[in-house]
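In: Sequence plus the predicted model coming up.
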Amino acid sequence: MDNLFPITIKSEDIKVNMGSLKSGDLTRKAIATLQCGPFKISGFRVQEGKYQNEKGNNLWVQPPSYRGKNGKFHDTFWVENKDLWKHIENMILEKYQELLTESEIKMEDIPIIQDSSR
């Protein structure tokens, strides 16, 4: 069978969208979606773990998954090329850090109003 839809996705064609920033003691910090050419892959999770990663922080990227009948999680997305996975993981973590920085700046821009009626 011929390849009906030949597609090549370059690493520079991969875009990351981030949502659901969480605060507090929750381990899940954000949810990311990858746009890879004509495909969208949702459900990547930025999570905080017990152990440090190679960058010295506790943030990890978990691929989309589902919970099986046995209660265990099973990935629904994986990359066989470890270098490409590291690239995707770094893109997601960089986007998360970018959003954190933006939210900190926004919080600092909010003026503190003192109640003068006391």
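Out: Yes, it's here. Residues are numbered from 1 along each chain as shown.

In: Strands along this structure, start to end?
Out: Counting by DSSP state E, one finds strands in the chain at the ranges 14-19, 28-36, 39-48, 59-62, 65-67, 73-75.

In: Kindly reformat these as JSON lines containing distance to Thr8 and mean pLDDT.
Out: All C-beta atoms are positioned from the backbone trio N, CA, C, and that covers glycine. Formatted as JSON lines, the strands of the chain follow (distance: least, C-beta to C-beta, whole Å; pLDDT from 0 to 100):
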{"stretch": "strand 14-19", "distance to Thr8": "12", "mean pLDDT": "88"}
{"stretch": "strand 28-36", "distance to Thr8": "11", "mean pLDDT": "88"}
{"stretch": "strand 39-48", "distance to Thr8": "13", "mean pLDDT": "90"}
{"stretch": "strand 59-62", "distance to Thr8": "24", "mean pLDDT": "90"}
{"stretch": "strand 65-67", "distance to Thr8": "27", "mean pLDDT": "93"}
{"stretch": "strand 73-75", "distance to Thr8": "24", "mean pLDDT": "92"}
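
In: can you redo these as CSV with mean neighbour count?
Out: Shown next, in CSV, are the strands of the chain (neighbours: other C-beta atoms under 10 Å):
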stretch, mean neighbour count
strand 14-19, 15
strand 28-36, 18
strand 39-48, 16
strand 59-62, 18
strand 65-67, 12
strand 73-75, 10
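
In: Ok, which of those comes nearest Leu100?
Out: Across these, the minimum distance to Leu100, taken as C-beta to C-beta, is reached by strand 28-36, at 8.7 Å.

In: So which residues make contact with that closest one?
Out: Strand 28-36 is contacted by residues 9, 13-22, 40-48, 59, 61, 88, 92, 95-96, 99 when judged by C-beta atoms under 8 Å, 6 or more residues apart in numbering.
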